[in-house]
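Peer 1: Everything below, folded, please.
(one chain, ligands or ions: 2)
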Amino acid sequence: MSSTHLDKSSFTTWIKEEALTAGFLTVGITKVVTLDTETDRLKAWLDKGYNGEMHYMANHFDLRKDPRLLMDGAQSVICLSFNYHPEDDSLSTTAPKIARYAYGRDYHKVVKKKMINLLKGMQVHRPELGGRAFVDSAPVMEREWAKRAGLGWVGKNTLIIHPKKGSYFFLGVIIIDQELDYDTPISDHCGTCTRCIDACPTEAIAQEGYELNASQCISYATIELKAEKLPADFDEKMEGWAFGCDICQEVCPWNKFSTPHTEADFHPSDKLKAMTSESWAVMTQDDFDSIFFGTPVKRTGYEGMKRNIEAAGND
Ligand code: SF4
Ligand code: SF4
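Peer 2: Ligands and ions are numbered 1, 2, ... in the order given. Now for the predicted structure:
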């Protein structure tokens with residue numbers, strides 16, 4: 001790799017091209033600012049108790065608000081999306097269902113590694129450049145930065161939606177201590193659509209959209225909630241989901257633009273693909289460990305997954 005000095009504009013272009021070559025779906029860049037409105041909104045959301053038992057979401061407000069407290073001299077936020085839409089999504093259509101993002105290897109590791117490589121590449125051009133990469137791992141408001149950087153608008157289902165790519169992607173950010181050229185946000189294209197609100201079986205999305213009561217969301221219940229039994233609110237409403245829930249993405253018209261990912265690490269293992277409703281019902285701890293080793297599903301644990309499978313039913 002050449003280490004010729006690039007001016008700001010050429011360096012910005014180089015970063016974007018390099019990110020796309022590395023397999024990222026989209027890339028956008030925004031300036032570091034203090035996220036006052038966004039953290040006020042988060043505070044109001046927490047005050048309603050919508051975070052359920054995700055108490056960590058109330059931590060580190062100061063860092064969420066100002067990335068300069070996370071990294072000295074932070075100036076630019078490089079936002080990246082990484083496609084996880086599978087070619088074969090049968091694991092999300094046959095109960096017990098698994099959210100598409102969780103079919104393969106844990107995205108934290110896969111995406112973070114690519115981001116670190118991108119950062120190292122930047123440092124070849126500018127050895128003095130300081131930066132940190134984050135994937136769902138620190139108090140960084142990734143969705144808010146992604147919105148500012150033009151990776152999509154925040155839909156009524158509260159996810160970032162790209163007008164040509166849909167919403168089946170992970171988000172990550174690299175914060176660096178140098179100035180770059182910045183992108184502009186994409187306007188909201190939800191219009192009068194209410195499909196996600198209407199389709200959510202637990203009414204977790206506010207009637208007017210743009211706000212999610214996570215404590216009512218199947219995704220939260222099946223992944224985050226540590227309880228022996230799911231609350232009665234979820235009875236008969238699981239629609240077969242045992243780990244996560246993709247309903248509000250499945251119904252979103254913009255996801256007709258989703259294309260299959262090409263990341264080998266995200267393909268489901270043969271063992272997972274071979275599961276039948278009978279084998280799910282008799283899954284042992286050893287089966288669970290061997291099927292889900294290194295995947296996001298591991299997080300819910302064997303007992304948690306058994307609980308979810310029972311709640312999901314076999315419909
Ligand atoms: S993930 Fe499922 S339960 Fe949660 S808001 Fe979307 S449709 Fe509703
Ligand atoms: S389903 Fe409709 S309202 Fe919901 S996020 Fe998609 S476009 Fe917006």
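
Peer 1: Can you point out the buried residues in stretch 173-189?
Peer 2: For stretch 173-189, a neighbour-count test (16 or more other CB atoms under 10 Å) marks 173, 174, 175, 176, 177, 178, 180, 183, 185, 186 as buried. For every residue, glycine as well, the C-beta is placed using N, CA and C.

Peer 1: Would you give the sheet partners of the helix or strand containing the second one, along with the direction of each?
Peer 2: Right, the one you point to is residue 174. According to DSSP states H and E, residue 174 maps onto strand 169-176. Counting by DSSP bridges, the strands paired with strand 169-176 are strand 76-83 (antiparallel), strand 131-134 (antiparallel).

Peer 1: starting at the chain centroid, how far to the very next helix or strand once past the shortest one?
Peer 2: Under the assignment DSSP H and E, the closest C-terminal helix or strand after strand 131-134 is helix 142-148. Using CA atoms, centre = their mean, to the nearest Å, we find the averaged C-alpha position of helix 142-148 to lie 12 Å away from the chain's own average C-alpha position.

Peer 1: pLDDT below threshold where in the protein?
Peer 2: Applying pLDDT under 70 to the chain picks out residues 1-4, 314-315.

Peer 1: if you set the cut-off to 90 instead, what comes out?
Peer 2: Applying pLDDT under 90 to the chain flags residues 1-6, 56, 58, 61, 90, 93-95, 136-138, 276-278, 281, 313-315.

Peer 1: Tell me the residues on it that lie near ligand 2, please.
Peer 2: With CB under 6 Å from any ligand atom as the criterion, the chain meets ligand 2 at residues 155-157, 161, 190, 193-196, 209, 251-254.

Peer 1: Show me which of those residues are buried.
Peer 2: For the residues of the chain next to ligand 2, a neighbour count by 16+ other CB under 10 Å gives the buried set as 155, 156, 157, 161, 190, 193, 195, 196, 209, 251, 252, 254.

Peer 1: just curious, which of the residues you listed is nearest to residue 298?
Peer 2: residue 157 (26.2 Å; CB to CB).

Peer 1: ok, now which ones touch the closest one?
Peer 2: Residue 157 sits next to 167, 196, 197, 205, 209, 212, 248, 249, 252 when contact means CB atoms under 8 Å, 6 or more residues apart in numbering.
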